[in-house]
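1. coordinates for the following, if possible.
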Amino acid sequence: FPGTTSSQASAVTSAVGWLGLTCFIGGLLSDHANKRMGSLKGRYYVQFANLGLAGLLFIIFPFIYTFSASVAIFVCASMMTTWSVGSTSALLPYVDRTATGSVAGIVGFCGGLGGILFILLTSTLGDTYGFVIMGILVILAACLSFLLRLDDSVEVAVKKDKQDSVSSV
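-> Below is the predicted model:
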C-alpha cells in the first residue's frame, strides 16, 4: 500500500507467519466433523469450507482500498489457508496408510509449488488478476473436496494404528 511503512509491513508479515502455528485448528475441526458425521464426509466439508473461504477472501483482497481492511482480509485469508493445511493433513492417512510419509511429501511439494506459481501469476498478470485467478483456483480446489473418494474402512485401521502406538508407549 502507498504510504505503508516498513515496520507496518513487517508487523503484518510477522502476524501471517505466526498464523502457521494455528494449522492444527484445521485438523481439530476436521476431527470434530469426522466424529460428528461418523464418516469422512465431515472431513470433506471442513476442507471445502476452509479452502472456499480462503479462495473467496483472495478474490476480495485486491478490491480493498484501506490499509486496515486489507490487513484484516489478508490475515483472515492466511488463517483459512493455514487451517486448510491442517485439514489436508487430517486426510493424508486415508489416502494410503502404508505410505503416509510419501503422500505427505507430495502434498508438501505441491503446496510449495503453488506458492511459486502464485508469485509468477502476480508478477506476470499483476496483483489484481493474480489474486482473483488464485481465488478462483482455490475455490475450484475446494469443490474438488466432494469428489474425493477415500476408503472409510481405512479409518478403522488408522484408529487401530494410533491405539497400538499409544499402548506401546
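2. name the nearest residue to residue 146, sequence neighbours excluded.
-> residue 44 (6.0 Å; C-beta to C-beta, 6 or more residues apart in numbering). All C-beta spots, glycine's among them, are computed from the backbone N, C-alpha and C.
3. which residues sit in contact with the one you found?
-> 145-146, 148 (C-beta atoms under 8 Å, 6 or more residues apart in numbering).
4. mind listing the helices in the chain by residue range?
-> Using DSSP state H, the helices assigned to the chain run over residues 6-18, 23-37, 41-60, 67-91, 100-125, 127-144, 153-167.
5. show me the shaky parts of the protein.
-> 1, 151-169 (pLDDT under 70).
6. so which residue is smack in the middle of it?
-> residue 84 (2.2 Å; C-alpha atoms, centre = their mean).
7. residue 113 versus that one, what's the distance?
-> To residue 113, residue 84 is 16 Å away according to C-beta to C-beta, to the nearest Å.
8. pull out the buried members of the contacts of residue 44.
-> By neighbour count, with 16 or more other C-beta atoms under 10 Å, the contacts of residue 44 hold residue 145 as buried.
9. now, which of the contacts of residue 44 sits nearest residue 138?
-> Distance to residue 138, by C-beta to C-beta, is smallest for residue 145 among those, at 11.3 Å.
10. now do the contacts for that closest one.
-> Here residue 145 is in contact with 44-45, 47-48, 51 (C-beta under 8 Å, 6+ apart).
11. so which of the residues you listed is the most crowded?
-> Tallying neighbours with other C-beta atoms under 10 Å puts residue 47 at the head of the contacts of residue 145, with 27 neighbours.
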